[in-house]
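S.K.: Sequence first, then the predicted structure, then my questions.
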Amino acid sequence: MRISTSQLHNLGLNAILDQQAKLIRTQQQIATGKRVLNPSDDPSAVASSININQSIKRTEQFQENINTARSRQNLEEQTLAGINDIFNRIRELAIQGNKTSLTNTDRQTIASEIRQNLAGLLSLSNTQDSNGEYLFSGYQGMTQPFSVDSSGNYIYNGDNGQRYLQIGPGRQVAVSDSGVDVFQAIRNGNGSFTTRDNPANAGTGVIDPGSVINAAASDGDTYSITFPITTSATDTLVFGDNVGTDDDLNYTLNINGTTVYSVSESGTPVNTLEGLAAEINDDSVTTGVKAYVANGTLYLGYTTPSTNPITVTEGLSGGSDGDLDTATGYFGSALSGTTTPNADIAYNAGDADFYIVEDSAGNLETSGAYTSGSQIAFNGIATNISGSPRTSDSFTLSPSANQDLFTTVENLALALENGSDTPAGVAGLANAVSRALTDIDQSMNNVEQIRSQVGSRLKALDSQQDLNDAYSLQLQTTLSGLEDLDYADAITRLEQQLTGLQAAQQSFVSIRGLSLFNFL
């Protein structure tokens with residue numbers, strides 16, 4: 001086989017260039033620290049590297065989300081802590097304002113400080129993060145959540161949304177709480193029912209918040225506790241017309257000037273206390289008086305608190321036999337056709353000695369002798385009333401409802417501003433403060449529950465961040481195995497390639513000098 005001089009030169013040159021290319025590639029590997037410089041170097045490794053790099057980028061985004069979430073949650077936790085600090089101060093002021101030694105001026109001053117704290121609560125409810133977004137407006141991040149209208153009502157302008165950020169594969173964490181959950185969805189009273197005095201009460205009775213003693217027996221109805229006046233009424237009306245002409249006597253029963261029942265001698269009188277009470281109650285709207293029957297006794301009480309006496313008038317008419325026309329009324333009046341045709345009995349208001357509990361339909365639930373501080377229990381719930389309520393005073397137990405914490409504080413301020421130094425006024429203030437303290441405790445408990453949720457989220461962020469770090473390290477290790485250079489191998493290879501290049505260059509110099517003319 002013949003090899004021309006030009007072919008010999010080309011082969012030598014190509015060998016040198018090939019050695020230089022290998023040397024340059026090895027130098028680039030050493031300079032970059034990467035084994036794979038081009039997809040063609042290791043297609044399988046490149047494909048795996050692309051997937052791993054995407055996972056690394058995604059994990060980095062999760063870590064950024066965690067930092068964002070942590071920032072918002074720390075701010076929310078600080079805000080909630082500030083709310084509870086304000087409530088602690090308001091609670092102190094409420095207890096201070098309920099002291100009987102204070103004057104109305106003193107209470108006005110306390111109410112003024114409470115209103116300053118109320119303004120602080122409103123400010124905290126409108127807290128914004130570093131991006132200018134409101135913490136408690138749900139999905140409406142750029143909408144101020146709370147405002148006050150011209151009537152003094154507190155209006156929520158956000159929604160019920162709760163924003164989430166993804167912090168790991170398949171894992172999200174809440175980064176906000178709506179204003180509804182934090183400030184509005186708070187059950188007043190003890191959480192099951194709330195107790196309230198009638199503002200018109202004339203006595204000094206103070207009702208406590210009460211409690212549920214048997215949840216299975218509680219039916220969620222509204223109940224009223226009233227203090228009626230004991231009467232000596234019986235279930236019998238007796239006519240006496242046994243001599244003389246055949247008269248048809250007529251009996252009438254008036255309550256506060258209104259006829260509530262009448263019957264003639266030839267008729268059939270009611271013969272039960274329940275029937276008599278029903279006749280009286282048919283005209284309660286007009287008379288303002290209601291009758292109750294408990295344990296064989298008929299009681300009378302005003303439908304709304306009043307200090308006026310209840311006047312019962314029994315009358316007899318239709319007789320013609322003088323003193324022989326008589327009747328004994330239900331309330332014991334000895335009536336005579338000529339000498340005593342009418343008899344008045346005045347039941348004056350006084351300190352209560354008996355209570356009656358009715359449901360919303362007017363059904364009697366329980367009753368008993370009143371003793372200050374004694375438990376009044378029925379249908380799985382219980383409360384007690386202390387002090388000296390007056391007859392016709394009343395209290396209400398109604399199911400708890402949502403009440404925003406601003407209204408709770410507003411009610412307390414109003415109670416202190418409108419306080420009175422009269423015994424009834426002092427009792428009314430005590431009832432209002434007791435109710436406010438219960439509602440404040442409910443608000444603080446709700447805020448603490450939200451804070452505990454925030455704390456759980458912060459803990460979840462820390463845990464997920466550690467998991468993401470570990471996962472990212474694993475990905476980096478795997479990626480390093482695919483891409484990173486083995487320096488010992490590369491340097492050894494570089495030395496070999498450099499020696500090969502030098503040998504190729506020297507052999508080329510020697511071969512280049514070969515020519516047939518050199519031997520002629």
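M.R.: Alright, I've got the coordinates.

S.K.: okay, CA-based contacts and neighbour counts for the rest of this
M.R.: Fine.

S.K.: Quick check: buried residues in stretch 288-303?
M.R.: Buried residues in stretch 288-303, defined by neighbour count with 16 or more other CA atoms under 10 Å: 288-293, 298-303.

S.K.: From those residues, which shows the smallest pLDDT?
M.R.: By pLDDT, residue 303 ranks lowest within the buried residues of stretch 288-303, coming in at 88.

S.K.: Excluding chain neighbours, what is closest to residue 84?
M.R.: residue 444 (6.1 Å; CA to CA, 6 or more residues apart in numbering).

S.K.: now swap in residue 121 and tell me
M.R.: residue 83 (6.2 Å).

S.K.: got the contact list for that neighbour?
M.R.: Neighbouring residues of residue 83 by CA atoms under 8 Å, 6 or more residues apart in numbering: 121, 124, 447.

S.K.: Specify which member of those is nearest to residue 361.
M.R.: Of all the contacts of residue 83, residue 361 sits closest to residue 447, with 36.7 Å by CA to CA.

S.K.: In this structure the closest one contacts residue 79, no?
M.R.: No: applying CA atoms under 8 Å as the test, residue 447 and residue 79 come out as separate, 10.1 Å apart.

S.K.: Which members of the buried residues of stretch 288-303 occur in helices, if any?
M.R.: With helices defined by DSSP state H, no entry of the buried residues of stretch 288-303 lies inside them.

S.K.: Export the residues you listed to JSON lines and append columns for distance to residue 171.
M.R.: What follows is the buried residues of stretch 288-303, written out as JSON lines (distance: CA to CA, whole Å):
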{"residue": "288", "distance to residue 171": "64"}
{"residue": "289", "distance to residue 171": "65"}
{"residue": "290", "distance to residue 171": "63"}
{"residue": "291", "distance to residue 171": "65"}
{"residue": "292", "distance to residue 171": "63"}
{"residue": "293", "distance to residue 171": "64"}
{"residue": "298", "distance to residue 171": "68"}
{"residue": "299", "distance to residue 171": "66"}
{"residue": "300", "distance to residue 171": "66"}
{"residue": "301", "distance to residue 171": "64"}
{"residue": "302", "distance to residue 171": "63"}
{"residue": "303", "distance to residue 171": "60"}
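
S.K.: Which members of these occur in strands, if any?
M.R.: Within these, residues falling in strands by DSSP state E are 289-293, 298-302.

S.K.: ok, so of these, who is nearest residue 165?
M.R.: Nearest member of these to residue 165, counting by CA to CA, is residue 302, at 60.4 Å.

S.K.: which residues sit in contact with the closest one?
M.R.: Per CA under 8 Å, 6+ apart, neighbours of residue 302: 228, 288-290, 392.

S.K.: picking up where we left off before, and the furthest pair within the ones in strands among the buried residues of stretch 288-303?
M.R.: 293 and 302 (14.6 Å).

S.K.: How about residue 210: what's its closest non-neighbour residue?
M.R.: residue 383 (4.1 Å).

S.K.: SS state for that neighbour?
M.R.: Assigned with DSSP: H, G, I helix; E, B strand; the rest coil, residue 383 falls in the strand class.

S.K.: what about it, how many residues close to it?
M.R.: Neighbourhood size, residue 383 [other CA atoms under 10 Å]: 19.

S.K.: Just the pLDDT for it.
M.R.: Predicted confidence (pLDDT) for residue 383: 97.

S.K.: Residue 77 versus residue 133, what's the distance?
M.R.: With distances taken as CA to CA, to the nearest Å, residue 133 is found 16 Å from residue 77.

S.K.: okay, those two: which has more neighbours?
M.R.: Using other CA under 10 Å as the criterion, residue 133 and residue 77 rank with residue 77 on top: 20 against 16.

S.K.: Confirm that that one lies within a helix, as I assumed.
M.R.: Yes: if the criterion is three-state DSSP, then residue 77 is within a helix.

S.K.: Let me see the contact set for it.
M.R.: Contacts of residue 77 (CA under 8 Å, 6+ apart): 451, 454-455.

S.K.: Mind giving me the ChimeraX select for these, buried ones only?
M.R.: Buried members of the contacts of residue 77, defined by 16+ other CA under 10 Å, are picked up in ChimeraX with:
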select :451,454
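
S.K.: Tell me how many other residues surround the closest residue to residue 55 other than its chain neighbours.
M.R.: The shortest distance from residue 55 to any non-neighbouring residue, by CA to CA, 6+ apart, is to residue 475 (7.7 Å). Residue 475: 19 surrounding residues under other CA under 10 Å.

S.K.: Which strand or helix spans residue 475?
M.R.: Element membership for residue 475 (DSSP states H and E) is helix 423-483.

S.K.: In this structure, mark out all the helices, start to finish.
M.R.: 5-32, 43-97, 104-125, 179, 273-281, 284-287, 405-417, 423-483, 487-512.

S.K.: Kindly check the end-to-end length of stretch 140-160 for me.
M.R.: 9 Å.

S.K.: Run through who's touching that stretch.
M.R.: By CA under 8 Å, 6+ apart, stretch 140-160 touches 122, 125-126, 132-139, 178-181, 406-407.

S.K.: Centre of the chain to it, how far?
M.R.: 17 Å (CA atoms, centre = their mean, to the nearest Å).

S.K.: Identify each buried residue in that stretch, please.
M.R.: For stretch 140-160, using 16+ other CA under 10 Å, the buried residues are 140-141, 143-146, 154, 156, 158-159.

S.K.: what about stretch 298-311, start to end distance?
M.R.: 15 Å.

S.K.: Now do residue 319 against residue 158, distance only.
M.R.: 77 Å.

S.K.: The residue nearest to residue 55 contacts residue 50, correct?
M.R.: No: counting by CA under 8 Å, residue 475 stays clear of residue 50, with 11.5 Å between them.

S.K.: For residue 206, which residues count as its bridge partners?
M.R.: Beta-bridge pairing of residue 206 under DSSP bridges involves residue 386.

S.K.: Now do the contacts for residue 90.
M.R.: Residue 90 neighbours (CA under 8 Å, 6+ apart): 114, 117, 409.
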